[in-house]
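Novice: Quick one, fold the following:
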Amino acid sequence: MEIRTEPIGSIPRPLYLQQAMGSFARGEIKADEMSKLFDKATKETIIELEKTGSPVISDGEQSKPSFVTYPLHGFKNLASDGIIIPFADGHQRQLPKLTGGPFHYTTFASSYLKRARQFTLLPVKQAVISCSAVSLIYPQEGMEGYSREQFLNDLVKDAEADIRTCLDNGAYIVQIDFTEARLAIKLDPSKQFLSSLIDLNNRVLDKFNPEERKKIGVHSCPGGDHDSTHSADIPYSELLPLLFKLRASVFYLEYAGEKDKRSVLETIKEHLKPGQSVFLGVTNVLDPQVETAEQVRDLILEAAEVIPLEQLGTTDDCGFSPFGDDISTSREIAFAKIRARIEGTRLAGRELSR
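Specialist: Residues are numbered from 1 along each chain as shown. Prediction:
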């Protein structure tokens with residue numbers, strides 16, 4: 001029995017690329033030189049992913065400055081004092097804030113997909129940021145001459161285009177990164193904020209027909225940055241009943257890092273709909289200890305007792321390095337964990353075939 005397995009997305013960037021990205025931001029190297037380095041790092045990453053035996057490839061997000069803000073790269077009407085996202089270890093990330101309209105994406109994820117497909121014949125998965133995450137750049141006090149409704153209409157249009165151009169350019173599947181979902185409950189325990197984010201993402205998903213939505217998935221985790229999280233204290237039982245209202249076909253969920261795994265499985269079973277699949281994270285990207293294939297196998301066998309096999313797949317808890325400056329995990333550890341996931345998934349498949 002073959003159990004499906006896919007990467008989430010980001011892989012730690014090589015040191016030469018991290019240094020070059022800093023130099024580029026300071027205007028010390030030119031765009032064409034940076035592009036060559038992005039090609040080099042993407043090719044190297046794909047080669048290493050292929051060596052792990054991964055049946056599905058990603059570009060490792062080597063040329064994304066951040067998994068959140070890539071659509072804004074080069075957009076002029078932004079200030080730096082947007083919403084602050086606090087992490088459990090005390091560090092913060094801050095989103096930009098929109099200063100004028102109309103809003104539009106300046107970079108689409110299909111550009112990363114095209115680069116990756118040059119270097120592999122395997123299926124390529126492409127991650128995109130959720131419409132709801134980008135919506136957080138609109139100022140809470142509003143904006144004269146550019147209403148929130150106008151902004152959201154423009155945003156939904158480009159968020160749809162971000163997904164559609166990936167599908168049109170041969171993406172195996174498009175993964176929407178919705179990592180702010182659990183954080184939304186932390187910010188508003190009434191869950192009205194989360195419900196509004198889900199409604200906004202469904203506005204985008206409703207632009208696609210049922211056949212197209214079979215190739216669109218959603219990833220959710222409690223944030224993973226510098227080996228810390230922003231919302232791991234929010235139980236999955238609070239999130240999943242609403243998360244599964246998203247009109248997507250595939251859900252990629254952080255799982256290895258969860259303490260009460262059985263209750264997570266029971267909640268998934270209760271709310272997973274026919275025609276939907278769930279890919280459980282079986283490697284904890286925040287833990288430097290590399291899982292063994294046998295540990296991964298056992299996690300999967302436990303999950304298979306609760307979730308129907310035809311709806312079950314495996315993945316990593318989160319991306320290994322979603323922000324370009326995150327050096328908390330080495331490339332060696334990331335690839336070792338991916339190998340453990342793939343081999344452990346194979347072992348579980350063999351065990352379940354007996």
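Novice: C-alpha from now on. contacts and neighbour counts both.
Specialist: OK.
Novice: tally of neighbours for the residue lying closest to Ala31 once chain neighbours are set aside?
Specialist: Excluding its sequence neighbours, the residue lying closest to Ala31 (CA to CA, 6 or more residues apart in numbering) is Phe24, at 7.6 Å. When neighbours are defined as other CA atoms under 10 Å, Phe24 has 15 of them.
Novice: One more: Lys30?
Specialist: Close neighbours of Lys30, defined as other CA under 10 Å, add up to 11.
Novice: Tell me the pLDDT of it.
Specialist: We have a pLDDT of 92 for Lys30.
Novice: Could you check which helix or strand contains the nearest residue to it once chain neighbours are set aside?
Specialist: Excluding the flanking residues, the one nearest Lys30 by CA to CA, 6+ apart is Phe24, at 6.8 Å. Here Phe24 is covered by helix 15-25, with elements defined by DSSP states H and E.
Novice: so how far is that helix from its chain's centroid?
Specialist: Relative to the mean C-alpha coordinate of its chain, helix 15-25 is positioned 23 Å out (CA atoms, centre = their mean, to the nearest Å).
Novice: I'd like to know how far the residue nearest to Ala31 sits from Lys76.
Specialist: Remark: distance between Phe24 and Lys76 (CA to CA, to the nearest Å) = 18 Å.
Novice: Leu200 now?
Specialist: 24 Å.
Novice: So which of the two has more stuff around it?
Specialist: Taking other CA under 10 Å, Leu200 and Lys76 do not tie; Leu200 has more neighbours (19 against 12).
Novice: Tell me how far the residue nearest to Asp154 when sequence neighbours are not counted lies from Arg148.
Specialist: Of all residues not flanking Asp154 in the chain, Phe103 sits nearest, at 6.2 Å (CA to CA, 6+ apart). Distance, Phe103 to Arg148, by CA to CA: 11 Å.
Novice: what stretches of the protein score poorly on pLDDT?
Specialist: Scanning the chain for pLDDT under 70 picks out the ranges 324.
Novice: Strands along that one, start to end?
Specialist: Listed in chain order, the strands of the chain (DSSP state E) span 4-5, 78-79, 84-86, 92-94, 97-98, 125-129, 173-177, 216-220, 250-253, 277-281, 312-315.
Novice: pull the longest helix from the chain.
Specialist: When the chain is parsed with DSSP state H, its longest helix is helix 331-353.
Novice: List the neighbours of that one that are in contact with it.
Specialist: Residues from elsewhere that reach helix 331-353 (CA atoms under 8 Å, 6 or more residues apart in numbering): 1-5, 7, 11-14, 48-49, 52-54, 282-283, 285, 288, 290-298, 300-301, 314-316, 320.
Novice: So which bits of that helix are buried?
Specialist: 331, 333-349 (16 or more other CA atoms under 10 Å).
Novice: And it, how far out from the chain middle?
Specialist: Relative to its parent chain, helix 331-353 has a centroid offset of 20 Å by CA atoms, centre = their mean.
Novice: Tell me what angle that helix forms with helix 15-25.
Specialist: On the basis of axes from the mean of the first three to the mean of the last three CA atoms, to 10 degrees, helix 331-353 is oriented at 120 degrees to helix 15-25.
Novice: Leu113 contacts Pro123, doesn't it?
Specialist: No. Leu113 is not in contact with Pro123 according to CA atoms under 8 Å; the separation is 10.8 Å.
Novice: Mutual contacts of the two, please.
Specialist: Counting by CA under 8 Å, 6+ apart, the residues touching both Leu113 and Pro123 are Ala171.
Novice: residues touching the residue nearest to the spatial centre of the chain, list them.
Specialist: Central residue of the chain (CA atoms, centre = their mean): Asp177, 3.7 Å from the mean position. Applying CA under 8 Å, 6+ apart to Asp177 gives the contacts Ala127, Val128, Ile129, Ser130, Val218, His219, Ser220.
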